[in-house]
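Undergrad: Predicted model, plus sequence, below.
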Amino acid sequence: AIHWKTNPNMADSEYKLPPGVAPIKREFLLFKTPKPSVVKTEPTSEGEQRDKVENPSEPQVKKEVEPTPMQKEVQVKVENSSEQQVKKEVEPAPTRMEDVQKVKVEQENQSETPKVEEENPGERPGTKRGAQEESAGQHEPKAKRKRGQNKRKDRGRPIKYSHNVCRVVISGGTCDKGETCKFSHDVEKYMKERPPDIPGLVCPFTSRGMKCRFLYSCRARGTHPEDMSSLKPYTSEEIGFLKPDIQRELRKNKHSFPKSKKYFEEVAKQEKGQGMDDSKAEIVDVQTETIHKEEGLSKTTDSETSPKPSETSQPIYGSSLEKQSKCKVDFRNKLILAPLTTVGNLPFRRVCKNFGVDITCGEMAMADKLLQGSSAEWSLLRRHPSEDIFGVQICGNKADQLARCCEVIQSEATVDYIDLNCGCPIDLVYKHGSGSALMRGTGTRLQRAVQAMRAVTTDVALSVKLRTGIKENHPTAMKLVKKLKIWGVDLLTLHGRSKEARYTKLANWDYIAECAREADPVPFAGNGDVLSYEQALDDLKEKKVTSIMIGRGALIKPWVFKEIKEKRHYDISSNERMEILRDYTRFGLEHWGSDEEGVEKTRRFLLEWCSFLHRYIPVGLLERLPQRINERPPQYIGRNDLETLMASTYSGDWVKLSEMLLGPVPKSFVFVPKHKSNSYDVAEAQG
C-alpha cells in the first residue's frame with residue numbers, strides 16, 4: 001500500500017519528529033530512501049543546465065532537468081477510439097518561450113475543426129486597437145483562476161446500471177401501470193444480464209427471516225432459500241417515514257400549521273400593544289394575513305420588517321400556548337454523537353450505538369427542503385430502534401420557517417429533541433443567513449427563531465448548537481448563552497472554534513468552561529477535539545460541562561465511547577476493525593438496499609468514512625498516549641498487512657478495502673473524498 005523503506009541505521013539522537021506529528025515508535029516508522037541533494041549551476045551558453053552532486057568523491061552525473069510548468073502545458077491530446085477516453089501524452093517540450101508559441105501555432109493549424117472567430121471591426125489590422133496589439137505582441141489572456149478546493153474535483157461519470165427493468169417487477173411485485181409502464185417487465189432477460197452475486201455477501205433480509213425486498217436484483221441472491229413462502233413479509237425496522245398524504249400537502253403548500261399560526265397572531269397583537277406607529281401596524285397586519293393562509297404559511301413571510309419579539313430578556317409566548325415545554329430528555333452526564341453531514345448517517349449511528357453512545361443526532365437537514373416535502377431531506381430524520389434518544393438538527397434563517405418546520409417534525413417524525421444549527425461554517429450556508437450567520441449582530445434574528453421554535457415544540461426538547469463566534473479573536477457566544485438560557489432552551493452545545501477557524505487550531509476549552517458556568521443550570525455540552533477518555537473525563541470534571549459531544553473523534557475511532565465509559569485505552573486489532581466495517585456494510589445494505597444501486601451507495605458512504613478512519617493510530621504503535629486529533633500521523637508500517645492498508649492515505653487503498661466487502665467496483669467508478677478537514681492535509685483526490 002505504501003512504497004517506503006525503513007531506516008534501521010538511524011541513531012537514537014536522530015529520532016526526532018517535527019511538531020504536530022503523532023509520536024509513533026521507531027520500529028514502525030517509515031523513511032524515504034535518502035537521495036543526494038543536487039545543486040544547480042548557472043545555465044551554459046548552449047542553454048543547458050548541469051547538475052553538481054555535493055559528494056565530491058562521486059563522479060558528476062548529468063541528470064535530466066525537470067520540465068518547467070510552461071513545458072508541462074505543452075501536451076498533445078490523443079483520442080483512443082477503443083476506450084473512448086482522452087489521454088494526455090507529454091511530448092518533449094521546448095525550453096524557450098518562442099518555441100512554445102511556435103508549437104501552439106502548429107497545433108492550432110493542425111486541428112481538424114478550427115475555430116472561426118467573428119471579425120471585430122475594432123480589432124482589424126490598421127485600426128488603432130489592432131496596431132496596439134500588433135506592437136505589443138499577441139499574448140493569450142490568462143484564464144481566471146477557479147477558487148475553492150472543490151472546483152476541479154473529478155467525480156467521475158455517473159454509473160450506468162445494467163438494467164432498464166421495472167423495480168416493482170424485479171422486487172417480486174406486480175406493476176400497476178401494466179403495458180403503459182416505460183420500463184421492461186422481462187424478468188428472464190434481466191436475469192441473464194444482471195451483474196453476478198458478490199462473493200461472500202449474505203442477504204441482510206433473508207438472514208433475519210424476512211423476504212428480500214429486492215428478490216431478483218439482490219446482489220446476494222444465491223443466499224436466498226429456495227422456498228420463500230416460509231419467510232415473513234419484509235417490514236422495515238426504521239422509524240420516522242413521512243406519510244404520503246402529508247408529503248403531498250407539503251409539496252402543494254396546503255399543510256396547516258395551527259400552532260405557528262396562533263403564535264404569530266399573538267406576537268402581532270403584542271407588538272401592536274407596545275405603541276407601534278400606524279405604518280408598522282399596517283405592515284404587521286399585511287404580514288399576518290400572508291402568514292396565516294388556510295393552505296399554509298408563505299415562504300417569504302419573515303423579512304427584516306416582520307414583527308420582532310421584545311428586546312427584553314423575557315420570552316414572548318401567546319396566552320393560549322404553553323409557556324414552557326416539559327423536557328423528557330436528561331442531557332446530563334451523557335455522551336452525545338454530533339450531527340455529521342454525509343458521514344453521520346443511520347448505519348454509522350448504529351455502529352456508534354454498539355460502542356455505547358448515549359444520544360445520537362441525525363445529519364443537518366435544511367428547513368426549507370423539509371417544508372417542501374423533499375424525500376431526500378426527510379430520509380435524514382429516520383431513526384433505528386436502537387437509538388433510544390435521538391434528535392434532528394435543522395438549519396434555517398427565518399423564524400416562521402423554523403417554527404413550521406418544528407411543528408411538522410413534532411407531529412410527523414419520531415424524535416426526542418430538535419437542535420437548531422447556529423455553527424455551520426460553510427460559506428454557502430452562511431451567505432443565506434443560516435448556520436453561524438445567526439450569531440451575527442445582537443442576536444435579534446436568533447431570538448425570533450428560538451422563541452418561535454420554543455412556542456411550538458411542547459412535546460420535544462429544544463437545543464441550540466453554537467460556535468465561539470464569527471471572528472477568531474472576537475468570541476460572542478457568551479452573550480448569546482446568557483440570552484438563550486432565558487429564552488427557554490433545554491440544552492446548549494458549544495463548539496470551541498470560530499466560524500473563521502473552521503477546523504484549524506485547537507478547540508478553546510477554556511472559553512467553553514466560561515460559557516458552561518454562565519449557562520448553569522441549563523445542561524451544557526462541550527464539543528471539539530475529544531479523541532481519548534482522559535480528555536473527556538478532564539472536560540467533565542475541570543471544565544464543568546454536563547455532557548460531551550464528539551464528532552470527528554467518533555469518525556476516527558467510533559470505539560471512543562467505549563473507552564470513555566470503561567476509562568481505558570482500547571488497543572483494537574485490524575481484524576476487529578474489519579469486523580466494524582463489515583457491520584457497517586450490513587447496516588448500509590439494510591438501509592440503502594442490497595441491489596446494484598444500493599451496493600454502490602453503501603460503498604460511497606463507506607469510502608467517505610474511510611477518509612477519516614485511516615487517521616487512527618493503533619495504541620500499540622504510539623510512544624506516548626493518547627493520540628491527539630490535531631497531530632498528523634506519519635507514514636508507518638502496521639503490525640500486519642491489513643493494519644498497514646488501513647493506515648494508507650491513498651484513496652485507492654480505501655477502494656481495495658471496499659472491494660473486500662462489496663466486490664469489485666464498476667468500470668466508471670471514481671471516488672474523491674467530499675470532506676477535507678483543515679486540521680492537517682489529507683489524501684489528494686484519487687480513486
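TA: Nice, thanks for sending it over. Residues are numbered from 1 along each chain as shown.
Undergrad: Strands along the stretch 451-600 of the chain, start to end?
TA: Applying DSSP state E, counting those that start in this stretch to the stretch 451-600 of the chain gives strands spanning 461-467, 491-495, 524-527, 547-550.
Undergrad: partners of the last one, with directions?
TA: Strand partners for strand 547-550, identified by DSSP bridges, are recorded as strand 335-337 (parallel), strand 524-527 (parallel).
Undergrad: What's the mean pLDDT across it?
TA: Confidence over strand 547-550 (mean pLDDT, whole number) is 96.
Undergrad: ok, now how distant is Thr444 from Leu480?
TA: 11 Å (C-beta to C-beta, to the nearest Å). C-beta: built from backbone N, CA, C; applies to glycine.
Undergrad: Any buried residues in stretch 549-564, and which?
TA: 549-564 (16 or more other C-beta atoms under 10 Å).
Undergrad: Out of these, the closest to Leu462 would be?
TA: Nearest to Leu462 among the buried residues of stretch 549-564, counting by C-beta to C-beta, is Met549 at 16.1 Å.
Undergrad: rewinding a little: dump the strands paired with strand 547-550 to a markdown table, plus distance to Leu645, mean neighbour count and mean pLDDT.
TA: Converted to a markdown table, the strands paired with strand 547-550 look like this (distance: least, C-beta to C-beta, whole Å; neighbours: other C-beta atoms under 10 Å; pLDDT from 0 to 100):
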| stretch | distance to Leu645 | mean neighbour count | mean pLDDT |
| --- | --- | --- | --- |
| strand 335-337 | 27 | 25 | 97 |
| strand 524-527 | 31 | 28 | 96 |
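Undergrad: Out of those strands, the one nearest Gly588 is which?
TA: strand 335-337 (17.3 Å).
Undergrad: Give the next helix or strand downstream of the closest one.
TA: For strand 335-337, the following helix or strand on the C-terminal side (DSSP states H and E) is helix 346-354.
Undergrad: so what does that next one touch, helix or strand wise?
TA: strand 360-366, helix 574-592, helix 596-613 (3 or more C-beta pairs under 8 Å, 6 or more residues apart in numbering; DSSP states H and E).
Undergrad: The same query, at a cut-off of 6 Å, please.
TA: helix 574-592 (3 or more C-beta pairs under 6 Å, 6 or more residues apart in numbering; DSSP states H and E).
Undergrad: List the buried residues in the helix it packs on.
TA: 574, 577-578, 580-581, 584-592.
Undergrad: re the thing from before, which one of Thr444 and Leu480 is surrounded by more residues?
TA: Leu480 (24 against 13; other C-beta atoms under 10 Å).
Undergrad: Phi first, then psi, for the residue lying closest to that one once chain neighbours are set aside.
TA: Nearest residue to Leu480 in three dimensions, chain neighbours excluded: Gly443, at 5.4 Å (C-beta to C-beta, 6 or more residues apart in numbering). Gly443 has phi and psi values of phi 90, psi 20 when expressed as degrees, to the nearest 10.
Undergrad: how many neighbours does Gly443 have?
TA: Gly443, neighbours per other C-beta under 10 Å, totals 19.
Undergrad: quick one: the strands in this protein?
TA: Ranges of strands within the chain are 38-40, 51-53, 75-80, 85-90, 335-337, 360-366, 390-395, 417-422, 461-467, 491-495, 524-527, 547-550, based on DSSP state E.
Undergrad: so can I have a markdown table of those showing distance to Val599?
TA: Compiled in a markdown table, these are given as follows (distance: least, C-beta to C-beta, whole Å):
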| stretch | distance to Val599 |
| --- | --- |
| strand 38-40 | 50 |
| strand 51-53 | 52 |
| strand 75-80 | 29 |
| strand 85-90 | 25 |
| strand 335-337 | 26 |
| strand 360-366 | 21 |
| strand 390-395 | 27 |
| strand 417-422 | 32 |
| strand 461-467 | 34 |
| strand 491-495 | 35 |
| strand 524-527 | 34 |
| strand 547-550 | 30 |
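Undergrad: out of these, nearest to Gly172?
TA: strand 360-366 (31.1 Å).
Undergrad: so where's the chain uncertain?
TA: Scanning the chain for pLDDT under 70 picks out 1-18, 30-163, 274-327, 675-687.
Undergrad: wait, isn't Asp222 in contact with Pro199?
TA: In this structure residue 222 is Gly, not Asp. No - counting by C-beta atoms under 6 Å, Gly222 stays clear of Pro199, with 9.4 Å between them.
Undergrad: between those two, which one's more packed in?
TA: A count of neighbours by other C-beta under 10 Å puts Gly222 above the other of Gly222 and Pro199, at 13 against 9.
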